[in-house]
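> The sequence and its predicted three-dimensional model are supplied below.
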Amino acid sequence: MNPRMMRLNADYEKIRNEFLGHRYVKVDPIGPVPPEMYRITYRVPGIAWDSSRNQPVRINEHIAEIYLHQDYPREKPKSELKTPIFHPNFGSYICIGDHWAAGETLVDIIVQIGDMIQYKTYNPKSPLNAAAARWSVQNKHLFPLGNIDILQPEPEVDFGGNDSKTAEDDLGIVLGPKPKDDDDLEIEFL
């Protein structure tokens, strides 16, 4: 298996592990496994321009597509938002950064796009949408729009169940004055 196919397989497994059953992000592979394209549905707050009201409005669902072209991972993947958005770094494509390293994962990019949609991260100094850049500078007090963590927390593991005693259950620690000598140190087991 060539290095690109190994990377596509690794990306696919990482995406499945991170986003399977995710409350706010749904990742759909497009095509055979390992896929070269993904459709990501984000259920996070963002902004779109409402031309009938001539103002930005809040929207809570966004669809992005990420294409892993033939030069991936040497070059960053191509990504675009399929739903309307009003954001300095979204245009006909998503500006996911000027510097790409092959060590970045597709999970990293999915998280980065989700954070950008929520205006957790944005760059008005290098915009794809100049109007959104001007608006974001004037309204930075509104950001971030959301604080939804795209990465899921690590699951808590309990090996003993609720009834088991732990070391904490058996030790009582009382802090008192600092002993003058090591010989004055007392440990009492309860």
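Received it, and whenever you're ready, just let me know what you need.

> Who are the contact partners of residue 15?
Taking Cβ atoms under 8 Å, 6 or more residues apart in numbering, we find residue 15 in contact with 27, 29, 38, 106-107, 110. From N, CA and C alone the C-beta is placed, and that goes for glycine too.

> at 6 Å instead, please
By Cβ atoms under 6 Å, 6 or more residues apart in numbering, the residues touching residue 15 are 27, 106.

> next one: the one 3 residues further on
Residues in contact with residue 18, defined by Cβ under 6 Å, 6+ apart, are residue 107.

> can you pull the buried residues of the strand or helix carrying it?
Using DSSP states H and E, the element containing residue 18 is helix 3-19. Within helix 3-19, the residues scored as buried using 16 or more other Cβ atoms under 10 Å are 4, 7-8, 11-12, 15, 18-19.

> Which of those residues sits closest to residue 102?
Nearest to residue 102 among the buried residues of helix 3-19, counting by Cβ to Cβ, is residue 7 at 8.1 Å.

> Excluding residues flanking it in the chain, which one is nearest the closest one?
residue 73 (5.1 Å; Cβ to Cβ, 6 or more residues apart in numbering).

> before we move on, the earlier item: now the helix or strand just after the helix holding residue 18 - C-alpha only, PDB.
For helix 3-19, the succeeding helix or strand toward the C-terminus, using DSSP H and E, is strand 25-30. What follows is strand 25-30, C-alpha atoms only, in PDB (Å, rounded to 0.1, in the frame of the first residue of the first chain):
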ATOM      1  CA  VAL A  25     -20.700  17.200  13.900                       C
ATOM      2  CA  LYS A  26     -21.700  14.500  11.400                       C
ATOM      3  CA  VAL A  27     -19.100  13.300   8.900                       C
ATOM      4  CA  ASP A  28     -20.200  11.400   5.800                       C
ATOM      5  CA  PRO A  29     -17.600   9.700   3.700                       C
ATOM      6  CA  ILE A  30     -18.300  10.100  -0.100                       C
END
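
> which residues of this protein fall in strands?
25-30, 37-42, 46-50, 55-59, 62-67, 78-81 (DSSP state E).
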